[in-house]
Every structure is written in structure tokens, then in C-alpha cells.
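Participant: kindly return the folded structure for what I paste below:
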Amino acid sequence: LINDRPSLISEVASVVGARGKWQFLHSAHTYKPEQAGGSRNYVDYLQPLFATHMNDFDGVMVPTVGQKQEIDKFFHFKHVVVVPDSYAEPHKLVPAEKRDRNKTVYLGRISPEKEPQEAVKIFAKAKKDLPDLHLEFYGYSSDQSLDNSLKELIKKLEIEDAVHFNGYQNNDQLAKKLGDAAAVLSTSSSEAFGMNVLQAMSFGVPVIGYQIKYGMKLLVKEGISGYLVPNGESKQGAEALVKLLTDKDKWADMLESTYESSQKFNAAAAWQQWQAQQAAVPNVFSK
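Facilitator: The predicted structure follows:
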């Protein structure tokens with residue numbers, strides 16, 4: 001039994017007769033994930049896992065070694081295993097000449113921890129050098145207050161005509177939307193891995209993002225699949241975006257290398273990691 005809904009931790013802990021019980025963490029587990037060396041201050045909604053029911057689970061699953069190391073450092077679960085929580089689908093790569101080199105996208109849930117306002121700041125600064133640039137948001141919103149503040153920021157920066165909120169897109173819709181994109185902005189305060197980033201990369205979309213824990217540095221390689229800048233440095237993010245989009249030949253090359261990078265995380269690679277953990281920890285699948 002593998003649970004990935006924090007709201008169901010207590011219910012899963014009470015299940016009797018399961019061969020194995022695991023909690024998958026798709027996000028950072030601490031309040032300050034940027035803290036060097038990790039922290040023992042877990043977020044409130046994980047209190048049932050880290051305090052009340054730690055011994056009722058066979059362990060936790062995380063997508064990166066970095067997060068495992070920090071959990072092992074401060075907590076004593078029976079097991080902490082590293083397995084992927086997503087994989088890259090293969091897609092036919094849309095060539096550079098059929099893409100909109102002014103199209104920058106934000107992909108994923110619009111929520112506080114995703115820091116969408118940082119994407120807007122990067123975009124606004126880059127647009128001063130690239131006047132035809134436009135930013136497309138693809139994802140549902142989970143915070144009305146954040147929506148309002150985003151709209152106020154966009155109005156203040158005088159970029160209302162260049163920023164569009166397109167809501168949730170299904171897979172077929174996203175394939176079209178990402179297929180002709182030039183770059184994706186990822187400005188979360190933390191990512192356990194970065195499913196949305198990997199999805200964009202699987203369409204050959206290079207990444208401009210912040211250097212955060214945990215998965216971004218695994219996904220984004222400098223000049224190959226994008227550029228990472230220090231967390232919160234929107235000016236540097238804008239400079240990286242301008243750098244990416246003004247060198248047409250380099251950008252075209254990066255479309256291909258970004259796609260190739262994504263396929264290192266394909267279904268076969270993901271399954272291989274799950275099988276390796278099954279061999280090392282028998283009750284990953286059965287007890």
C-alpha cells in the first residue's frame with residue numbers, strides 16, 4: 001500500500017493486514033528546504049507521518065538521494081528509499097523553425113510554494129530586451145488571494161497584454177501548447193523532483209529556473225537543458241532567458257539536447273530504479 005496523499009496518512013496508518021505500507025513524498029518535507037544540511041522542522045501537514053505514525057509505516061519514498069539523506073539525518077524511519085515519482089514520455093520533437101521563439105511558459109499548479117510571481121518578474125525583466133515575448137500559464141489555481149496578487153503585479157509591471165492564464169490543460173492540449181514553446185520558467189521555492197519540468201523537457205523545452213532542492217540540479221544541466229540561477233534572483237533569471245532566446249542556433253541545439261536529457265528519465269529507467277529498490281528492500285512491493 002503506497003500512499004501519496006498527506007491528508008490520508010492517519011487513515012493509511014490504521015490499515016490492518018497490508019503487506020507493506022509506504023508514504024511517498026512529492027514535495028519538500030521541511031519549512032525551510034533551502035537550509036544547508038537540512039532541517040528537523042517538518043511542515044505541519046506531515047506531523048502525522050513524522051511524529052505520530054512513523055512506526056506504522058514500513059518507510060517513506062522520495063524521488064532524490066538528497067532528500068533521503070536529509071530525512072535519514074534527522075529522523076529514524078525503518079526505510080527511506082529513492083524511487084522516481086514520474087517519467088518522461090517520448091514525443092516527436094517539433095523543430096525550431098515551427099516554434100514560437102517568443103513563447104515562454106509556466107507549467108503546473110498556481111500556488112504559493114510554486115512562486116509564480118517570480119516567473120512574472122523574470123518575464124517582465126526579459127521583455128524589456130525581447131519586446132515580443134509572451135508568457136503562457138498552463139495549470140489550475142488553488143489560491144484566490146494569490147491570483148489577485150498576481151494580477152496586481154502584472155498590472156503594475158504593465159505586461160497585461162503579454163501574460164495569459166490558460167487554466168488546466170489535458171495531455172492532448174498540453175502536447176500542442178508545449179510543442180511550440182521556446183522556454184519554460186520554474187521558480188518554485190522547492191521541488192522534490194520536478195514533474196512539470198520533466199514534462200516540458202520531454203517536448204524539448206529548455207528550462208530557466210531557480211537553484212533549489214531537490215530535483216532541479218538533476219534535471220537541468222547548464223547550457224544543455226537550460227540554465228539555473230540562485231533562488232529569488234529574477235534579474236539573473238531574466239538574463240538567462242534573454243541569453244537563451246537571442247542565440248537562435250544555440251537555442252535550436254538546446255531543443256534537441258533538452259529532449260535527449262529528458263529521456264534519461266524515461267519509463268525504462270524509472271522501472272529499473274523501482275526494481276533495484278525491490279531487491280534491496282523486499283517489502284517495497286510485498287512483505
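
Participant: what's the neighbour count on the closest residue to residue 159 other than its chain neighbours?
Facilitator: Excluding the flanking residues, the one nearest residue 159 by C-beta to C-beta, 6 or more residues apart in numbering is residue 124, at 5.3 Å. Placement of C-beta: from N, CA and C, glycine included. Neighbourhood size, residue 124 [other C-beta atoms under 10 Å]: 21.

Participant: and the gap between residue 124 and residue 133?
Facilitator: 9 Å (C-beta to C-beta, to the nearest Å).

Participant: could you do residue 159 as well?
Facilitator: From residue 159 to residue 133 the distance is 9 Å (C-beta to C-beta).

Participant: which elements pack onto the lowest-mean-pLDDT helix or strand in the chain?
Facilitator: Here the helix or strand of the chain ranked lowest by mean pLDDT, DSSP states H and E is helix 267-280, holding a mean of 94. Using 3 or more C-beta pairs under 8 Å, 6 or more residues apart in numbering; DSSP states H and E as the contact test, the elements touching helix 267-280 are strand 80-82.

Participant: the strand it packs on pairs with which strands, parallel or anti?
Facilitator: strand 59-62 (parallel) (DSSP bridges).

Participant: in CSV, list the C-alpha atoms belonging to the partner strand.
Facilitator: The C-alpha trace of strand 59-62 is given here as CSV (Å, rounded to 0.1, in the frame of the first residue of the first chain):
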residue,chain,number,x,y,z
GLY,A,59,9.1,3.7,5.4
VAL,A,60,8.9,6.7,3.1
MET,A,61,9.7,7.0,-0.6
VAL,A,62,11.3,10.1,-2.1
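
Participant: can you list the domains in the chain?
Facilitator: As recorded under automatic domain parsing, the domains making up the chain are 2-85+266-284, 96-265.

Participant: distance from the shortest one to the middle of the chain?
Facilitator: Spelled out, it's domain 2-85+266-284. 18 Å (C-alpha atoms, centre = their mean, to the nearest Å).

Participant: still on that earlier bit, what is the subsequent helix or strand relative to the helix or strand the residue nearest to residue 159 falls within?
Facilitator: Element membership for residue 124, per DSSP states H and E: helix 116-127. Remark: after helix 116-127, the chain's next helix or strand is strand 134-138, criterion DSSP H and E.

Participant: that following strand packs against which elements?
Facilitator: strand 103-107, helix 116-127, strand 163-165, helix 171-179.

Participant: residue 180 and residue 21, how far apart?
Facilitator: 44 Å.

Participant: between the two, point out the one with more neighbours.
Facilitator: The residue with more neighbours, out of residue 180 and residue 21, is residue 21; 19 against 15, by other C-beta under 10 Å.

Participant: test my guess that the more buried one contacts residue 58.
Facilitator: Yes: under the criterion of C-beta atoms under 8 Å, residue 21 makes contact with residue 58 at 5.6 Å.

Participant: please name the residues that touch the spatially most central residue of the chain.
Facilitator: Nearest to the mean C-alpha position of the chain, by C-alpha atoms, centre = their mean, lies residue 194 at 2.2 Å. Counting by C-beta atoms under 8 Å, 6 or more residues apart in numbering, residue 194 makes contact with 186, 188, 215-216, 219.

Participant: how close does it get to residue 236?
Facilitator: Taken as C-beta to C-beta, the span from residue 194 to residue 236 is 19 Å.

Participant: now swap in residue 177 and tell me
Facilitator: Distance from residue 177 to residue 236, by C-beta to C-beta: 27 Å.

Participant: same thing with residue 7?
Facilitator: From residue 7 to residue 236 the distance is 37 Å (C-beta to C-beta).

Participant: ok, now residue 127?
Facilitator: Residue 127 is 16 Å from residue 236, by C-beta to C-beta.

Participant: of those two, which one has the most company?
Facilitator: Taking other C-beta under 10 Å, residue 127 and residue 236 do not tie; residue 127 has more neighbours (23 against 17).

Participant: that one is in contact with residue 154, isn't it?
Facilitator: No: in this structure, residue 127 is not within contact of residue 154 by C-beta under 8 Å, at 11.4 Å.

Participant: those helices in the chain, which residues are they?
Facilitator: With DSSP state H as the criterion, the chain has helices at 9-13, 47, 65-74, 116-127, 144-156, 171-179, 195-201, 216-219, 234-246, 248-262, 267-280.
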